[in-house]
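Chemist: generate a structure from the sequence data that follows.
(2 chains)
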Number of protein chains: 2
Amino acid sequence: MVEIRYDVTGIGNAIVDVLAHASEEFLVEHALNKGAMTLIDAEQAEQLYAAMGAGTESSGGSAANTLAGVAGLGARGCFIGKVRDDQLGGIFAHDIHAIGVDFHSEPATSGPPTARCLIMVTPDAARTMNTYLGACIELGPEDVDEELIAASAYTYLEGYLWDPPHAKEAFIKAMGAARAAGRKVALTLSDGFCVDRHRAEFLDLVEHHVDILFANEDEIISLYQVADFDDALQHVRGHCEIAALTRSEKGSLIVAGDEVHLIDAEPVAQVIDTTGAGDLYAAGFLTGLAQGRGLHDCGRMGGIAAAEVISHMGARPEVDLKELMAQRLG
Amino acid sequence: MVEIRYDVTGIGNAIVDVLAHASEEFLVEHALNKGAMTLIDAEQAEQLYAAMGAGTESSGGSAANTLAGVAGLGARGCFIGKVRDDQLGGIFAHDIHAIGVDFHSEPATSGPPTARCLIMVTPDAARTMNTYLGACIELGPEDVDEELIAASAYTYLEGYLWDPPHAKEAFIKAMGAARAAGRKVALTLSDGFCVDRHRAEFLDLVEHHVDILFANEDEIISLYQVADFDDALQHVRGHCEIAALTRSEKGSLIVAGDEVHLIDAEPVAQVIDTTGAGDLYAAGFLTGLAQGRGLHDCGRMGGIAAAEVISHMGARPEVDLKELMAQRLG
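Modeler: Numbering: from 1, shown residues only, chains lettered A, B, ... in the order given. The predicted structure follows:
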């Protein structure tokens, strides 16, 4: 059996975020879908960028943010994703290396530029994301090293990977390699609209292929097309080993067979920008699992990491997460 | 006589900042000159970037930050500076346009990439800057439109322009055009080490060519090679129309002929990052002058704008400066 070298390996879209404050009127004027992740093409990206305010660039991407959190918590992380060999790609690679995540994916040498996500943060701290996938469309099964996946305790996949054309093949190859090696597969549903686009496949994944499911209230309701959270809960229970369901300021609910844990949200002095909340919840939770902790503690670790990231602009932690966790978790 | 179209036109290095938190040990280990702006070449930039932590990118450049402040305060601003036609150059152009500054300088289509400044922010909020000038070395007199300068009430120049090879020619051409049109010329000394590099020329400028001088304590002491601030004050007095001398938490001193104003520093709840403090002081001060205000109010406007920018990471304002000024200035 292959020795474990990584606690968590993530596969996801490699994206540079462009964050700007925006008014509610701006969202309306540009017909942006508040709170959601909307895919845009190169031309739409150019138009929206021209219209939006001065921005701040920082590395993003849902699974990449999670891996940044995993490494920040002291666990061993690896990320697989596709950038181009351009300046933004260099920034992405620098930042993920700098935080201590292994990242070996070869950048594309031709084709579209590194992906970017134009994020409008409204005064209520909600983030509205508009993603130009760029070089992410080049990610394919050839980017997945099965030996590396077999050496990872948890393989973490973002639902957004269903959007680019070949990434799902990478996703399926990685799932297969993880299962064959007796490792665990975790999936986040990513976004309610993303679930809408790929519901049948996501239902099959949750039913047959995924050990640990992350979803927020919108996403799990969308997956089962039910009326409310409790109804969704009845559907998901027993259908994957662990489901960690996040509910923003209402905390999270973890169901695993007969076990149920209700975790209150961590206090946050002021919510500044919710970008990355779900990503960091997954980081805390998976690190807890990798450390052999119980589900209650895993849920708290998720909540603590999420609370940190929503207390400032940007989707990656700004404090020493290990120290924060030691303080808060005791 | 040409009609005034701009309150302030700035000429400076067009730079994208890469900001990261760093420890004091990191500065020592990499022999960085704390608190100063040090020029680095492409290779040094690559090495330092590889060693530094995950960063946040945002448009910077001293005079460009000042113009961002001028526009944020509701005055009409224009910026002249050189980027390349690359992704970072696109970010610089987008951001300065987005904040309402006119920026027509053609990007270079060959040669080095857009300039970047690797900024380490230590826990004491001090910023240590390491600048790779990149495309800034392409700035020359051909980038200065004399008609545009003649249409600008104030032409604002950064001392850093003395570092790239041809920018000083742009600087001199702009000064000449401004003086010929009866407009005012303002200069910031930029940095104590920059003054060291170009002292004789800066002394000549202050004596014969500049109407409004901005300098902090280090810079004015370095300019006159004297022992203390008061000594420097005796030297500068009477040698240019207005000297606005900033002293961090000690506020600022403004001398103009027989007029002397001592302005206390504005209160700041927590100093997070001093990047941009001098730039925003100049923005407030010049906007005050353009609005026909007295020197006391100009100094206060400088202090209020500086206090805002040091209360967060990054060198450009994050709040509505017009509103802030109305609240604080009354």
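Chemist: who are the contact partners of A:His209?
Modeler: The neighbourhood of A:His209, defined by Cβ atoms under 8 Å, 6 or more residues apart in numbering or on different chains, consists of A:175, A:179, A:185. No exception for glycine: its C-beta is placed from N, CA and C like everyone else's.
Chemist: for the helix or strand hosting the first one, which outside residues touch it?
Modeler: Secondary-structure element containing A:Met175, defined by DSSP states H and E: helix A:167-180. Residues lying outside helix A:167-180 but in contact with it, judged by Cβ under 8 Å, 6+ apart, are A:9, A:11, A:13, A:80, A:136-137, A:139-141, A:143-144, A:146, A:149-150, A:152, A:155, A:157, A:161-162, A:184-185, A:201, A:209.
Chemist: averaged pLDDT, the following helix or strand past that helix. What do you get?
Modeler: Sequence order places strand A:184-188 as the next helix or strand after helix A:167-180, per DSSP H and E. Here strand A:184-188 scores 98 as its mean pLDDT.
Chemist: what's the answer for stretch A:235-247, then?
Modeler: On average, stretch A:235-247 scores 94.
Chemist: separation between the residue nearest the centre of chain A and chain B?
Modeler: Residue closest to the mean C-alpha point of chain A, counted by Cα atoms, centre = their mean, is A:Ser62 at 3.1 Å. In this view, A:Ser62 and chain B are 17 Å apart by Cβ to the nearest Cβ, to the nearest Å.
Chemist: try A:Gly89
Modeler: In terms of Cβ to the nearest Cβ, A:Gly89 sits 9 Å off from chain B.
Chemist: so what's the residue count around that residue?
Modeler: 22 (other Cβ atoms under 10 Å in any protein chain shown).
Chemist: on that earlier part again, Serialize the contacts of A:His209 to JSON lines and add fields for distance to B:Ala282 and neighbour count.
Modeler: Supplementary listing: the contacts of A:His209 in JSON lines, determined by distance: Cβ to Cβ, whole Å; neighbours: other Cβ atoms under 10 Å in any protein chain shown:
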{"residue": "A:Met175", "distance to B:Ala282": "57", "neighbour count": "22"}
{"residue": "A:Arg179", "distance to B:Ala282": "62", "neighbour count": "15"}
{"residue": "A:Val185", "distance to B:Ala282": "56", "neighbour count": "24"}
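Chemist: before we move on, back to that, among the contacts of helix A:167-180, which are located in strands?
Modeler: Members of these lying in strands (criterion: DSSP state E): A:9, A:11, A:80, A:152, A:155, A:157, A:184-185.
Chemist: rewinding a little: next up, the contacts around the residue nearest to the centre of chain A.
Modeler: A:Ser62 touches A:12-13, A:158, A:160, A:188, A:190, A:278-279, counting by Cβ under 8 Å, 6+ apart.
Chemist: list the beta-bridge partners for the closest residue to it other than its chain neighbours.
Modeler: In this structure, A:Ser62 finds its nearest non-sequential neighbour in A:Glu158, 4.5 Å apart by Cβ to Cβ, 6 or more residues apart in numbering or on different chains. A:Glu158 has these beta-bridge partners by DSSP bridges: A:Thr188.
Chemist: A:Ser222: what's it in contact with?
Modeler: A:189, A:192, A:195-196, A:199.
Chemist: run the last query once more with 7 Å
Modeler: A:192, A:195-196 (Cβ atoms under 7 Å, 6 or more residues apart in numbering or on different chains).
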